[in-house]
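# Everything below, folded, please.
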Amino acid sequence: MNKKLILLAGLNALLGIKCANAVHPQIDIERSDITTTLCSENEDIYFSAKLENGKYASLCGYNHKSPSTGHVKYRYGMLGNVELEYPKDLGTPKGRFLTYHVRLGPNAQGRKIFFYIGDYRYNISNVAGNCSLRVSKGKNVVFESWCDEQLWLNTFGGDQSGWLILNDDLIKRFPQQFQDPSEPEFH
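Have a look, this model is predicted:
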């Protein structure tokens with residue numbers, strides 16, 4: 001590599017300058033069709049996918065080792081134009097994010113990571129191999145999109161980001177809910 005480029009990259013890193021087209025260090029660029037995430041370089045990517053509407057949904061963690069440590073952020077929108085970020089503060093995920101193991105049959109299982117913003121429930125899920133984002137208000141689905149494209153990661157065993165929410169090492173970091181969150185008496 002050109003010595004000037006190496007020097008410039010080192011100077012940018014020292015000054016905290018980030019290039020607009022920098023690829024997150026967890027993204028396996030050899031296997032990924034996309035390299036866009038709404039997670040910052042100092043956050044871990046837990047989920048990041050391009051949805052059917054062309055927008056991105058990302059779930060990111062920072063120093064998050066258990067339900068009571070670090071923070072977790074959900075972001076939705078486009079690179080440079082995040083339309084929704086939850087939560088706004090840097091509090092721990094305890095009491096904000098939950099996980100639920102879905103069993104639809106012996107060969108159809110999965111997991112949801114969900115959270116509430118007011119009366120709206122956001123579900124990031126991988127059930128029976130299908131990655132999706134769903135937003136509901138009560139029993140009404142107000143938004144649903146399947147993952148159009150997902151990142152391949154070089155962490156957590158090298159899975160696609162939509163499959164990562166099935167990873168036991170990641171799931172241990174979130175509080176677990178044992179009742180189906182779609183049941184009316186839950187919320």
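# In contact with the residue lying closest to residue 67 once chain neighbours are set aside: list those residues for me.
Closest residue in space to residue 67, ignoring its immediate chain neighbours: residue 94 at 4.2 Å, by C-beta to C-beta, 6 or more residues apart in numbering. To be clear about C-beta, it is placed using only N, CA and C from the backbone, and glycine gets the same treatment. Contact analysis of residue 94 by C-beta atoms under 8 Å, 6 or more residues apart in numbering lists 67, 68, 175.
# Please enumerate the helices of this structure.
Remark: helices assigned in the chain by DSSP state H are 3-15, 161-164, 168-171.
# Select from those the stretch with the lowest mean pLDDT.
Among those, helix 3-15 carries the lowest mean pLDDT, a mean of 39.
# Closest to the centroid, which residue in the chain?
residue 59 (2.2 Å; C-alpha atoms, centre = their mean).
# I figured residue 149 hits residue 36, correct?
No: counting by C-beta atoms under 8 Å, residue 149 sits too far from residue 36 to count as a contact (9.1 Å).
# Of the contacts of residue 94 - the most surrounded one?
Ranked by neighbour count (other C-beta atoms under 10 Å), the contacts of residue 94 have residue 67 at the top, with 20 neighbours.
# On the pLDDT front, check it for me.
86.
# low pLDDT regions in this protein?
Applying pLDDT under 70 to the chain picks out residues 1-21, 165, 176-187.
# Okay, strands next: where are they in it?
44-51, 56-62, 71-78, 81-86, 97-105, 108-117, 120-127, 130-137, 140-150 (DSSP state E).
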